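Visitor: Turn this into a structure:
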Amino acid sequence: MRLKSKVSFDPQAELGAIADFARRWRSLFRPAEVAYTPAHFTAELEKLERAKRLRLYLVTRPEQPVALAILDGLDQEQVIELLALAPLDGEDEVRPWLSSPSRRREMMAQAPAEPSGRGVFPFLVGEPEGLVLAMARWGHLNVLDPEPLLAQRLALLGRRIQSLGKPDQ
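Guide: Numbers count the residues shown, from 1 in each chain. The predicted structure follows:
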């Protein structure tokens, strides 16, 4: 991972914390060696209320996260604005632990046995860490240099296009 500038935090350590959080989160829905209670996640959110500095990570594959963006320098007011942008109709994806265990099992009944790893998952990390699902408009705060990731994706796309364009033999 290449950053645009020097930062005062350890992105690799925070990605490790995100992976750990994702494993704990998954225990709400799937059998696990250690199952975490809804109170555990409520406490995590309460920690965020005391954070002075917050970062929004947009990652793929949360259990082995690849950072797509790291928005550094958010404050509590901006986080409230982010949360206000989260959809309120339908299922409450931000706080599924408020559902009963039987309701969480119903939510996962149609899901595949293993996650696909598709999608972009937002994690809000503060001092201390935590999680929310939100939308962001603060792209100028991204400290992650996207060029290596884009170059890798373009190279893969080029190879895929080349293989599809070969005539049948």
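Visitor: Return the set of buried residues in the top strand by length along the chain.
Guide: Identified as the longest strand of the chain according to DSSP state E is strand 66-74. Buried residues in strand 66-74, defined by neighbour count with 16 or more other Cβ atoms under 10 Å: 67-72, 74. In this view, the C-beta of every residue, glycine as well, is placed from N, C-alpha and C.
Visitor: Count the residues that sit near residue 19.
Guide: Using other Cβ atoms under 10 Å, the number of residues around residue 19 comes to 17.
Visitor: Three-state assignment for it, please.
Guide: helix (DSSP: H, G, I helix; E, B strand; the rest coil).
Visitor: dump the residue contacts of it.
Guide: Applying Cβ atoms under 8 Å, 6 or more residues apart in numbering to residue 19 gives the contacts 62-65.
Visitor: quick one: which of the buried residues of strand 66-74 is nearest residue 48?
Guide: residue 74 (10.8 Å; Cβ to Cβ).
Visitor: where's that closest one relative to residue 119, distance?
Guide: Distance, residue 74 to residue 119, by Cβ to Cβ, to the nearest Å: 22 Å.
Visitor: hmm, back to that, and the buried residues of strand 66-74, which is closest to residue 20?
Guide: Of the buried residues of strand 66-74, the one sitting nearest to residue 20 (Cβ to Cβ) turns out to be residue 67, at 15.4 Å.
Visitor: Can you list phi and psi of residue 3 for me?
Guide: Backbone geometry at residue 3, expressed as degrees, to the nearest 10, gives phi -100, psi 150.
Visitor: what's the following helix or strand after the strand or helix carrying residue 23?
Guide: Using DSSP states H and E, residue 23 maps to helix 11-26. Remark: after helix 11-26, the chain's next helix or strand is helix 38-49, criterion DSSP H and E.
Visitor: How far off centre is that following helix?
Guide: 16 Å (Cα atoms, centre = their mean, to the nearest Å).
Visitor: And the next helix or strand past the longest strand of the chain?
Guide: Toward the C-terminal end, the helix or strand that comes next after strand 66-74 (DSSP H and E) is helix 76-85.
Visitor: Give the buried residues for that following helix.
Guide: Those would be 78-79, 81-82, for helix 76-85 by 16+ other Cβ under 10 Å.
Visitor: Please could you give me each C-alpha atom of it, formatted as CSV?
Guide: The C-alpha coordinates for helix 76-85 follow below in CSV (Å, rounded to 0.1, in the frame of the first residue of the first chain):
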residue,chain,number,x,y,z
GLN,A,76,-17.9,13.9,15.0
GLU,A,77,-20.2,16.3,13.1
GLN,A,78,-19.1,14.9,9.7
VAL,A,79,-19.7,11.4,11.0
ILE,A,80,-23.3,12.4,12.0
GLU,A,81,-23.7,13.8,8.5
LEU,A,82,-22.5,10.5,7.1
LEU,A,83,-24.9,8.5,9.3
ALA,A,84,-27.7,10.8,8.1
LEU,A,85,-27.0,9.7,4.6
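Visitor: Perfect, I'm done here.
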